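K.L.:
Below are the sequence and a predicted model for it; my questions follow.
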Amino acid sequence: MSQKYIVVFKNTATKDQIDQYEAEVKSSGGDVTQRFDTGMNGFAATIPDSFLTKLKADSIIDFIEPDSIVTTQ
């Protein structure tokens, strides 16, 4: 099963490394829906559970959060 997540990389991650992870998400059956290159390094994506496990174990990842709608009052 796939879920939507925001993946943020540590500041030491290069653009080429993030590009590689984006390609791996796609090749594992996921879909990157938005890329973040300003303010933080990362992307929003639909990620298969099997690949999510690999991402969570990688030291280049700062954090992974479920993607959701945020509202203010």
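P.N.:
Noted; the coordinates are in hand. Residues are numbered from 1 along each chain as shown.
K.L.:
Can you give me the neighbour number for residue 70?
P.N.:
Each residue near residue 70 was counted by other Cβ atoms under 10 Å, and the total is 5. Where you see a C-beta, it was placed from the backbone N, CA and C, and this is true even at glycine.
K.L.:
measure it to residue 6 for me?
P.N.:
The spacing between residue 70 and residue 6, counted by Cβ to Cβ, to the nearest Å, is 11 Å.
K.L.:
and what of residue 42?
P.N.:
7 Å.
K.L.:
cool, residue 36 as well?
P.N.:
Separation of residue 36 from residue 6 (Cβ to Cβ) stands at 8 Å.
K.L.:
intersection of neighbour lists for those two?
P.N.:
Residues touching both residue 36 and residue 6 (Cβ atoms under 8 Å, 6 or more residues apart in numbering): 42-44.
K.L.:
neighbour-wise, which of those residues leads?
P.N.:
residue 42 (25 neighbours).
K.L.:
Good, wrapping up.
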